[in-house]
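1. quick one, structure for this:
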Amino acid sequence: MRQARRLTWVDAAIAIALGVGYVAVLVKSVATLGYARDEGFYFHASSAYGRWLVELWDAPGKATTAKAVDAAWSVNHEHPGLMKTLFALSNLLLHKKLGLFAMEGTSYRFPAMALSGGLLSLVYVWGAQVRSRAAGVVAAIALGAMPRFFHAHLACFDAPIVALWTLCAYAFWRAVCVDGARRGAAARGESQREGVSAWDGVRWGGRSWRGTFGLALDTKHNSWFLPIVAVMHTAIVLVGARVWGARGCGRRRGRGGGRW
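-> Model prediction:
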């Protein structure tokens, strides 16, 4: 894999335009989309969380008692709480306080739409870094135009976990293949252009994706599969370095050999 391309303000503008444009399309088209069965459970849970958040603001001492916490957060406790909390905050701030949405259901749905827009921005950024702007734009548009894109409208966890899963994968790639490898090369006094070892990427960069993994865990339980993917990728990188002489994430060593 080629060295990561340095992004500029043009890339930031394109990423923002793709994300904001997609969210605008979702908000514009949500009014005629009926509510899915699962949304009813999440609306109910988010309402309970929202009432607790209001109580926390008004009477923090009362809200933080075990009885108050259990009464609010035991609702739909079998699912992680991050998205339901965002649904509640969106309803409280964007609908009840600011009146930005005419339909209350849309306020609950908006966080998933926003994450879906962020997903397109992220896909563009990743594609632009590893290939080109054209590749990033095509990848983002192709993702947004998938036939089942209505999932991006719903106050559910499907589109959000895709966004968080992709963010974890991107963070892991950055950690192992870019940042970690660069730090490893710098620690040895080598130039990034000389190539970096696969082991450096794993050794120096494996820590910085933990925050994104935590967010994914609090979004949907299938994020528990992410470590399996990370371990498999790490094994492939290290075996590739040992067997085929790859430098870092897909680069090969020079003719003179080198560290792995």
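
2. quick one: the strands in the stretch 101-250 of the chain?
-> Along the stretch 101-250 of the chain, counting by DSSP state E, counting those that start in this stretch, strands occupy 246-247.

3. so, low pLDDT: which residues of it?
-> 179-208, 241, 243-250 (pLDDT under 70).

4. Ser90 and Thr106, how far apart?
-> Here Ser90 is placed at a distance of 9 Å from Thr106 (Cβ to Cβ, to the nearest Å). The C-beta positions use only the backbone N, C-alpha and C, and glycine is treated the same way.

5. of the two, who's got more company?
-> For Ser90 versus Thr106, the count of surrounding residues by other Cβ atoms under 10 Å is larger for Ser90: 25 against 22.

6. any idea which element the more buried one lies in?
-> Secondary structure assignment for Ser90, by DSSP states H and E: helix 82-90.

7. where exactly do the helices run in the stretch 151-260 of the chain?
-> Secondary structure of the stretch 151-260 of the chain by DSSP state H, counting those that start in this stretch: the helices cover 158-173, 180-187, 198-205, 210-217, 226-243.

8. how far away is the closest residue to Trp165 other than its chain neighbours from Gly19?
-> With sequence-adjacent residues excluded and distances taken as Cβ to Cβ, 6 or more residues apart in numbering, Trp165 is closest to Ala216, at 6.2 Å. Here the distance between Ala216 and Gly19 works out to 19 Å (Cβ to Cβ).

9. ok, the two, which is more surrounded?
-> Neighbours per residue (other Cβ under 10 Å) separate Ala216 from Gly19, with Ala216 holding more: 26 against 23.

10. quick one: that one and Leu164 touch, right?
-> Yes. Look at Ala216 against Leu164 with Cβ atoms under 8 Å: they come within range, at 4.1 Å.

11. which helix runs longest in the protein?
-> When the chain is scanned for its longest helix (criterion: DSSP state H), the result is helix 104-130.

12. give me the most central residue, the protein.
-> The centre of the chain sits closest to Leu164, judged by Cα atoms, centre = their mean, with a distance of 2.6 Å.

13. pull the contacting residues for it.
-> With contact set as Cβ atoms under 8 Å, 6 or more residues apart in numbering, Leu164 has these partners: 115, 212, 215-216, 219-220, 223.

14. quick one: the helices in the stretch 1-150 of the chain, in order.
-> When secondary structure is read from DSSP H, counting those that start in this stretch, the stretch 1-150 of the chain shows helices at 9-29, 37-58, 60-63, 66-73, 82-90, 104-130, 133-144.

15. dump those into a markdown table; add distance to Cys177 as well.
-> Formatted as a markdown table, the helices of the stretch 1-150 of the chain follow (distance: least, Cβ to Cβ, whole Å):
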| stretch | distance to Cys177 |
| --- | --- |
| helix 9-29 | 19 |
| helix 37-58 | 36 |
| helix 60-63 | 44 |
| helix 66-73 | 39 |
| helix 82-90 | 27 |
| helix 104-130 | 9 |
| helix 133-144 | 17 |
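
16. what about the ones you listed, which gets the closest to Val237?
-> When those are compared by Cβ to Cβ, helix 104-130 sits nearest Val237, at 15.2 Å.

17. and the angle from the closest one to helix 9-29?
-> Between helix 104-130 and helix 9-29, the angle formed by their directions is 150 degrees, by axes from the mean of the first three to the mean of the last three Cα atoms, to 10 degrees.

18. what's helix 104-130 packed up against?
-> Packed against helix 104-130 by the contact rule (3 or more Cβ pairs under 8 Å, 6 or more residues apart in numbering; DSSP states H and E) you find helix 9-29, helix 37-58, helix 82-90, helix 133-144, helix 158-173.

19. what sits up against the shortest one?
-> Pointing back at helix 82-90 there. 42-43, 45-47, 49-50, 53, 76, 107-112, 155, 157, 160, 215, 218-219.

20. one more pass at 6 Å, please.
-> 42, 45-46, 49-50, 107-108, 110-111, 155, 157, 160, 218-219 (Cβ atoms under 6 Å, 6 or more residues apart in numbering).

21. how about those, which pair is most distant?
-> Across the contacts of helix 82-90, the two lying at the largest distance from each other (Cβ to Cβ) are Ser107 and Asp218, at 20.9 Å.
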